[in-house]
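K.L.:
what's the 3D shape of this:
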Amino acid sequence: MKAPVLIFSWGNPSRGDDALGPLFAERLLSLNLPGVECLTDFQLQVEHALDLKGRERVLFVDASFSAPPPFSISSISPDRDASFTTHAMTPQAILHTYCQLEAPPPPPAWLLAIRGECFELGEPISLMAEQNLAAALEWFEGWLMN
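P.N.:
Residues are numbered from 1 along each chain as shown. Now for the predicted structure:
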């Protein structure tokens with residue numbers, strides 16, 4: 001049986017603050033939260049639409065250079081954007097693909113974009129990104145309870 005809440009994070013841990021998504025999931029996994037499943041990948045792909053089946057809600061988590069610090073949160077809807085034909089898809093395109101495959105509408109979904117500033121290959125996560133990650137994790141506690 002699938003957990004009702006899916007946290008789907010992505011990013012490249014070798015590229016500094018791009019590790020924010022995977023680090024978010026790693027920290028949640030250490031809490032062993034009941035009813036929460038964390039999936040992590042380097043990028044979103046069409047196959048990930050199948051991971052949404054049977055979920056009550058989904059939180060997509062990624063690093064962002066353009067989000068206001070410490071993070072932004074937005075409700076997202078299915079959208080057939082230009083990414084549906086590439087290997088790296090947007091969360092909205094994943095939701096759209098789900099709609100193409102399944103009869104019920106996709107679960108409610110949000111995008112948590114955690115602000116990062118350094119995305120260079122081989123760089124460690126920045127202090128600012130660590131602080132933004134802590135703020136995002138604190139916010140998540142309230143989101144999970146709602």
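K.L.:
Give me the buried positions along the helix or strand bottoming out on mean pLDDT in the chain.
P.N.:
The weakest-scoring helix or strand in the chain, judged by mean pLDDT, DSSP states H and E, is helix 91-101 (a mean of 93). Neighbour-count burial for helix 91-101, with 16 or more other CB atoms under 10 Å as criterion, is recorded at 91, 92, 93, 94, 95, 96, 97, 98, 99. Bear in mind the C-beta positions are built from the backbone N, C-alpha and C, glycine included.
K.L.:
got a markdown table for the residues you listed, with distance to residue 32 too?
P.N.:
Listed next are the buried residues of helix 91-101 as a markdown table, based on distance: CB to CB, whole Å:
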| residue | distance to residue 32 |
| --- | --- |
| 91 | 25 |
| 92 | 30 |
| 93 | 31 |
| 94 | 26 |
| 95 | 28 |
| 96 | 33 |
| 97 | 30 |
| 98 | 27 |
| 99 | 32 |
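K.L.:
List just the nearest of these to residue 17.
P.N.:
residue 91 (19.0 Å; CB to CB).
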